[in-house]
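[1] just a sequence and a predicted model for now, questions to come.
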Amino acid sequence: MESLARGGTRWRRFAVVMVPSVAATAAIGVALSQGALAASFSVSGQQFKLTADSIEAQGFTQYGTIDNTAKGPKPVTVVGMNHADIKGLCQSVVLPVPGFGDVSMVLGAGDGKPVVAKKLYVDADVLSANATFKNIDIGVSVTDTNKGPGPHKGDAVLPGSFAQQAESATLTDVKQRAWATTAGTFKLSGLHMSVKKGKHECY
């Protein structure tokens, strides 16, 4: 039975990684191990961190899946957005270099004009933010989502499994640990990048 909540919803601290999503990704993992689903999406297995002062999203979808990484299957929650305006974006990744130590790559953008992304998907296992949703549906079947971009073409999802969607979402003080990010277009205003020895992360 679907559990739906409609109207404007404000959650003081919003964790996208929810119990139903974890259950859905566990079920997907079993299906993958039994060969019931094809996993065509492959990522490096290197996690990275993302922060943003704010994200204004039009068309929001969230569901669980399994990323097939170089280090093995990784359960994640996927946040999809038709259109996103992102202010104060920071992305960091720490790479261990044998014989040298850690090397950090830090990218920033959107301090003036916002970063603009279309058909944006972020695969994460940790995400926190302050969130306000407009016309949110919680517990909708992943195959019936129609307010956001829907499941990414390369993601393995179980038909009928848990998802949530909203016409729009406003997220502030966003922090996430991600494994992959894809977008149809990604326009970064005021892009700047640095490479430093040691561990220098966005949070």
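    Thanks, I have it.

[2] tell me the bridge partners for the spatially most central residue of the chain.
    Central residue of the chain (CA atoms, centre = their mean): Val122, 2.6 Å from the mean position. With DSSP bridges applied, Val122 shows beta-bridge pairing to Val79, Thr181.

[3] likewise Asn130?
    Thr172.

[4] what's around it, how many residues?
    Using other CB atoms under 10 Å, Asn130 has 15 other residues around it. In short, each C-beta sits where N, CA and C put it, glycine included.

[5] now do Trp179
    18.

[6] excluding sequence neighbours, find me the nearest residue to it.
    Spatial nearest neighbour of Trp179, chain neighbours left out: Asp123 (4.9 Å); criterion: CB to CB, 6 or more residues apart in numbering.

[7] next one: Gly148
    Thr61 is the one closest to Gly148 (CB to CB, 6+ apart), at 3.0 Å.

[8] please, which helix or strand holds the one you found?
    Here Thr61, judged by DSSP states H and E, is contained in strand 48-69.

[9] roughly how far out does that strand sit from the chain middle?
    2 Å (CA atoms, centre = their mean, to the nearest Å).

[10] then stretch 165-184?
    5 Å.

[11] and Ala109, what are its bridge partners?
    Bridge pairing for Ala109 - DSSP bridges - gives Leu89.

[12] and Gln91, how many neighbours does it have?
    Neighbours of Gln91 (other CB under 10 Å): 20.

[13] what mean pLDDT would you report for the one helix or strand it maps to?
    Element membership of Gln91, judged by DSSP H and E, is strand 89-97. For strand 89-97, mean pLDDT is 94.

[14] I'm done for today, thanks for sticking with me.
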